[in-house]
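**Student:** next comes the sequence, and after it the predicted model I'd like to discuss.
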Amino acid sequence: MRYTMWLCLNQGFYSIVRTKDLPPGHLLVRARREGDLEKLWPDAEVKRTVRSDYLFRAIVPEQVVAEAVAREVIGIDYDNFKSSVDDQALHDAYLIVWRAMARLQRPAPYSRG
């Protein structure tokens, strides 16, 4: 069984998964950009691999993952997520995600329907 979570933060995009081959109590955290994993998990041993869909990955205890995510939630100080993203490339990527997800909503955002 495999569970996946995407985490869109204003400093990075993350994929968090649990796979059957992980040690008990651990999660695999993944990122597409160098340095993003270390922003949340500075003590993690990050590995780079071109053999998987995410270039950077680390196995992290689930409690450490949960604490980092909780810190991010508690630290929210903005009223518009996309506007809180300073990195232009990341902002633009999130805008594409926002538009794709907006197509799922009925009525569409701002349609007054």
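**Tutor:** Yes, it's here. Numbering: from 1, shown residues only.
**Student:** contacts and neighbour counts: CA atoms only from here.
**Tutor:** Noted.
**Student:** buried ones in the lengthiest helix in the chain?
**Tutor:** Ranked by number of residues, the top helix in the chain under DSSP state H is helix 88-102. Neighbour counts using 16 or more other CA atoms under 10 Å place Leu90, His91, Tyr94 of helix 88-102 among the buried residues.
**Student:** got the contact list for the last one?
**Tutor:** For Tyr94, the contact set (CA atoms under 8 Å, 6 or more residues apart in numbering) comprises Cys8, Lys82.
**Student:** residue contacts, the closest residue to Gln11 other than its chain neighbours?
**Tutor:** Distance criterion CA to CA, 6 or more residues apart in numbering; nearest residue to Gln11, sequence neighbours excluded, is Val85 at 6.8 Å. By CA under 8 Å, 6+ apart, the residues touching Val85 are Asn10, Gln11, His91.
**Student:** same thing with Tyr78?
**Tutor:** With CA under 8 Å, 6+ apart as the criterion, the residues that contact Tyr78 are Ser84.
**Student:** what pLDDT does Val50 get?
**Tutor:** Reading off the confidence values, Val50 has pLDDT 96.
**Student:** assign it to helix, strand or coil.
**Tutor:** coil (DSSP: H, G, I helix; E, B strand; the rest coil).
**Student:** just want the angle from the helix or strand bottoming out on mean pLDDT in the chain to helix 88-102.
**Tutor:** Every helix and strand in the chain was compared by mean pLDDT, DSSP states H and E; the lowest is strand 3-9, with a mean of 89. Here the directions of strand 3-9 and helix 88-102 differ by 130 degrees (axes from the mean of the first three to the mean of the last three CA atoms, to 10 degrees).
**Student:** what are the pairing partners of strand 3-9, and which direction each?
**Tutor:** Take DSSP bridges as the rule and strand 3-9 pairs in its sheet with strand 12-18 (antiparallel).
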